[in-house]
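Student: Sequence and computational prediction follow.
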Amino acid sequence: MTECEVCGAEIKGAAQYVVIGDSKLRVCKACAHYGTVVVENKNVRAGPMAHAKANSRLYEQMDHDLEVEVEEDYGRKLKEAREKAGLKQAELANRINEKQSLLRKIENEEIVPSDDVMRKIKRVLNL
Ligand SMILES: [Zn+2]
């Protein structure tokens, strides 16, 4: 079976591949937004060049968004805020309905949190 390398869930249907930092990870649909999607499908039928061009524009846009959103030391800041709130990783993960492994990776700055996840964290921690 194929597992998502971010959340560990079984991937049903086609796996997606995203680049997060320097590593390429196989992820489920839900986790694809944590990184930049790379096209692994070798069965692309028509106009591969046109696709590549459209995609690279999209990637540039995504990179730009990431640069704007990500705070310096976001992992450390998150950890401090969580500890100040007296929450364990598992408890915070539970409150925001995400896996503890995801939270751990965010705190280790292995993963850049999505806007959605960041919003949920900030709501719980009153940031
Ligand atoms: Zn996943």
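Tutor: Happy to help now that I have it. The structure presented is a predicted model; accordingly, all values stated were derived computationally and were not measured. Numbering: from 1, shown residues only.
Student: Quick check: phi and psi at the closest residue to Leu92 other than its chain neighbours.
Tutor: Nearest non-adjacent residue to Leu92, counting by C-beta to C-beta, 6 or more residues apart in numbering: Arg82, 5.3 Å away. Every residue, glycine included, has its C-beta placed from N, CA and C. When read as degrees, to the nearest 10, the backbone of Arg82 gives phi -70, psi -40.
Student: Would you enumerate the residues in contact with Arg82?
Tutor: Gln89, Leu92, Glu107, Leu125 (C-beta atoms under 8 Å, 6 or more residues apart in numbering).
Student: If we use 10 Å, what do you get?
Tutor: Lys88, Gln89, Glu91, Leu92, Ala93, Leu103, Glu107, Ile121, Val124, Leu125 (C-beta atoms under 10 Å, 6 or more residues apart in numbering).
Student: Also Glu107?
Tutor: Counted by C-beta under 10 Å, 6+ apart, Glu107 has contacts Tyr74, Gly75, Arg76, Lys77, Leu78, Lys79, Glu80, Arg82, Gln89, Leu92, Pro113.
Student: about what we covered before: what about the contacts of Arg82, which one has the most neighbours?
Tutor: Most neighbours among those, by other C-beta atoms under 10 Å: Leu103, with 25 neighbours.
Student: Weed out the non-buried ones from the contacts of Glu107.
Tutor: Buried by 16 or more other C-beta atoms under 10 Å: Tyr74, Gly75, Leu78, Lys79, Arg82, Gln89, Leu92, Pro113, out of those.
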